[in-house]
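Colleague: sequence first, predicted model second:
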Amino acid sequence: MKNDYVSEIHKKDKLVLHPYEDMESRGTYDRKLIVKSDNIYLYDENGKEYIDGPGGMWCNNIGHGNKEIGEAVKNQLEKLEYCSPFSESSEISAELASVLSELSPGDLNTVFFTTDGSTANDTALRFIMFYNNILDRPNKKHFITRHKAYHGSTYLTGSITGKDREKNNFDFEKNFIHHLSSPLSYRRKNNQTIEEFCDELVKEFEDKIIELGSENVAAFIAEPVMASGGCIVPPEGYLKRIWQICKKYDVLYISDEVVTGFGRMGHFFSSEEVFDIVPDIITCAKGITSGYMPLGAVLFSDKLLNDIKKESALFFHGYTYSGHPACCAAALKNIEIIKRDKILEHVQEIEPYFHNKLQKLYELPIVGDVRGKGLMAGIECVINKDSKEALILDKAIGSRIDEESIKLGLIIRPLYHICVLSPALIITKSQIDDLVEKLFTAIQNSLQQLKTEGLWKD
């Protein structure tokens, strides 16, 4: 692209307030301009190729540049671009609801369409309030979540989120939301086994229900694998034990599969297939269209709807673009491609290779933990592998590594001292080799910078 045109785009882009943008530095730098995508790659204005390590924002499951989805969206727009979900229905949204009902575990057969993961989780939480009001349980409104959880950016889901609350200068609901310990095994107490750590987490959860009174606790919400919190994989059996306690105390279980759904764990939904639970509600988004169009969904169990079926009460909740025809067309084609191209099977086959290759990063003195499941991974950097002190010096080491990675043709997602990966599910072994080699070199180069600046001593 010509320099004057690119400069003009950068000038116009400074009018945009981007997500997670720093107010002090806003407008003082040019963001990387992406003009093309294909397979697992992004391309900038100069034609330079980058491995899309985060898979967009955990969402690009079938890979970039798929022409079939574009054609499906085009065809739908030409046939029907919109009708009001408040008063009409469309063939395409009804068909997608049917497909999701078939894919979901247990009796989760009722689908409410939203625009993204935040609105899906917001809907789930508001529905539970609505549900308990109808059942004349006005006090059963407390929600339990975890530190480092991420569930969205609405006021309610931002309050449920347990990530970076002390840093982001927003207000939160505090009266009926409770955050428990993160299930990050790497940060358990010294000399504590993973089994003991799991026991401690489960006890903390049950104790909190008893403390609040089960008649006051509405639901527990959890990502099967915590994504934005640093790719946190819970201890073996943790989620099932939490789910069993929910059953014991009549507490609803919301499984936030916004990231883990549609193949990231090698299954359309991971709750039952991977973690052996059937939740009361599943929320999903991101991979439902592989990021090609914005769409989210909430799947409710038959039991929940049957409990309130006889009551005369309007569900005063909805979105202008709930079940948007073009978005539903993208989702249906995306699911068709995942099935036809055996992408789930590919993830199951390549997952061990992906995680085995990442073990090479332990050779670097600042890498304390390499964790993950499915095609998700988090690499945590520390000052000392024994003390596990987080490596956050003059600036977040993750940002340094990201800068070095970009020079090498790799984009990662930096989270302070953690580097996160969630590449497209179609990634091959040779592409994994390339990704890991680039990341290894980027971390190595960042370490050398720290040494040169006197911020790291061997």
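Modeller: In hand now; what should we look at?
Colleague: show me the helices in the stretch 1-150 of the chain, by range?
Modeller: Defined through DSSP state H, counting those that start in this stretch, the helices belonging to the stretch 1-150 of the chain, from first to last, are 3-13, 55-58, 67-79, 91-103, 117-134.
Colleague: in terms of mean pLDDT, which of those helices ranks lowest?
Modeller: Averaging pLDDT over each of the helices of the stretch 1-150 of the chain singles out helix 3-13 as the lowest, with a mean of 90.
Colleague: so the spatially most central residue of the chain, which state does it fall into?
Modeller: The C-alpha lying nearest the average C-alpha coordinate of the chain belongs to residue 259 (Cα atoms, centre = their mean; 3.4 Å). The local conformation at residue 259, judged by DSSP: H, G, I helix; E, B strand; the rest coil, is coil.
Colleague: re earlier: quick one, which of the helices of the stretch 1-150 of the chain gets closest to residue 332.
Modeller: helix 91-103 (5.4 Å; Cβ to Cβ). The way it works is simple: take the backbone N, C-alpha and C, and place the C-beta from them, glycine included.
Colleague: CA atoms of the closest one as PDB?
Modeller: Only the C-alpha atoms of helix 91-103 are listed here, as PDB (Å, rounded to 0.1, in the frame of the first residue of the first chain):
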ATOM      1  CA  GLU A  91     -35.900 -19.800   8.900                       C
ATOM      2  CA  ILE A  92     -32.200 -19.400   9.500                       C
ATOM      3  CA  SER A  93     -32.400 -18.600  13.200                       C
ATOM      4  CA  ALA A  94     -34.800 -21.500  13.800                       C
ATOM      5  CA  GLU A  95     -32.500 -23.900  11.900                       C
ATOM      6  CA  LEU A  96     -29.500 -22.800  14.000                       C
ATOM      7  CA  ALA A  97     -31.500 -23.200  17.200                       C
ATOM      8  CA  SER A  98     -32.300 -26.700  16.200                       C
ATOM      9  CA  VAL A  99     -28.700 -27.500  15.400                       C
ATOM     10  CA  LEU A 100     -27.500 -26.100  18.700                       C
ATOM     11  CA  SER A 101     -30.100 -28.100  20.600                       C
ATOM     12  CA  GLU A 102     -28.800 -31.300  19.000                       C
ATOM     13  CA  LEU A 103     -25.100 -30.400  19.800                       C
END
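Colleague: ok, and what's touching it?
Modeller: The contact list for helix 91-103, computed with Cβ atoms under 8 Å, 6 or more residues apart in numbering, reads 76, 80, 85, 108-111, 113, 268-269, 297, 299, 323, 325, 328-329, 331-332, 335.
Colleague: which parts of the stretch 301-450 of the chain are strands?
Modeller: In order along the chain, the stretch 301-450 of the chain carries the following strands (DSSP state E, counting those that start in this stretch): 367-373, 376-381, 410-411, 413-415, 418-421.
Colleague: could those go into CSV alongside mean neighbour count and distance to residue 442?
Modeller: Supplementary listing: those in CSV, determined by neighbours: other Cβ atoms under 10 Å; distance: least, Cβ to Cβ, whole Å:
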stretch, mean neighbour count, distance to residue 442
strand 367-373, 20, 12
strand 376-381, 26, 11
strand 410-411, 22, 7
strand 413-415, 20, 11
strand 418-421, 26, 9
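Colleague: now for the ones you listed, which one comes closest to residue 141?
Modeller: For residue 141, the closest of the strands of the stretch 301-450 of the chain is strand 413-415, at 31.3 Å, according to Cβ to Cβ.
Colleague: longest helix of the chain?
Modeller: Using DSSP state H to assign secondary structure, the helix with the most residues in the chain is helix 429-452.
Colleague: what residues does it touch?
Modeller: Contacts to helix 429-452, defined as Cβ under 8 Å, 6+ apart, come from residues 40, 51, 53, 350, 353-354, 357-358, 360-361, 363-367, 379, 381, 393, 397, 400-402, 404-405, 407-410, 412, 419, 421, 423, 427, 456-458.
Colleague: re earlier: lowest mean pLDDT across the strands of the stretch 301-450 of the chain, which one is that?
Modeller: Looking at the strands of the stretch 301-450 of the chain, the bottom one is strand 413-415 with a mean of 91.
Colleague: buried stuff in the longest helix of the chain?
Modeller: Along helix 429-452, these residues count as buried under the neighbour rule (16 or more other Cβ atoms under 10 Å): 431-432, 434-436, 438-440, 442-447, 450.
Colleague: and those residues, which is closest to residue 239?
Modeller: Proximity of these to residue 239, judged by Cβ to Cβ, is greatest for residue 432, which lies at 27.4 Å.
Colleague: ok, back up a step: can you add distance to residue 183 and give the strands of the stretch 301-450 of the chain back as TSV?
Modeller: TSV is the format used below for those (distance: least, Cβ to Cβ, whole Å):
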stretch	distance to residue 183
strand 367-373	11
strand 376-381	13
strand 410-411	28
strand 413-415	17
strand 418-421	16
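Colleague: re the thing from before, out of the buried residues of helix 429-452, which one has the weakest pLDDT?
Modeller: Least confident entry in those, by pLDDT: residue 450, with 87.
Colleague: got the helices of the stretch 1-150 of the chain as JSON lines, with mean neighbour count columns?
Modeller: Formatted as JSON lines, the helices of the stretch 1-150 of the chain follow (neighbours: other Cβ atoms under 10 Å):
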{"stretch": "helix 3-13", "mean neighbour count": "11"}
{"stretch": "helix 55-58", "mean neighbour count": "22"}
{"stretch": "helix 67-79", "mean neighbour count": "15"}
{"stretch": "helix 91-103", "mean neighbour count": "17"}
{"stretch": "helix 117-134", "mean neighbour count": "23"}
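Colleague: which one of these lies nearest to residue 19?
Modeller: Taking Cβ to Cβ as the measure, these were each checked against residue 19, and helix 55-58 came out nearest at 9.1 Å.
Colleague: contacts for that closest one next, please.
Modeller: Residues lying outside helix 55-58 but in contact with it, judged by Cβ under 8 Å, 6+ apart, are 40, 61, 227, 258-259, 264, 286-287, 291, 376, 422-424.
Colleague: quick check: the farthest pair among these?
Modeller: 40 and 258 (20.9 Å).
Colleague: more crowded one of these two?
Modeller: Neighbours of residue 40 and residue 258, each counted by other Cβ atoms under 10 Å, are more numerous for residue 258; the result is 29 against 24.
Colleague: if I look at that one, how far off is residue 48?
Modeller: With distances defined as Cβ to Cβ, to the nearest Å, the gap from residue 258 to residue 48 amounts to 31 Å.
Colleague: great, nothing more from me.
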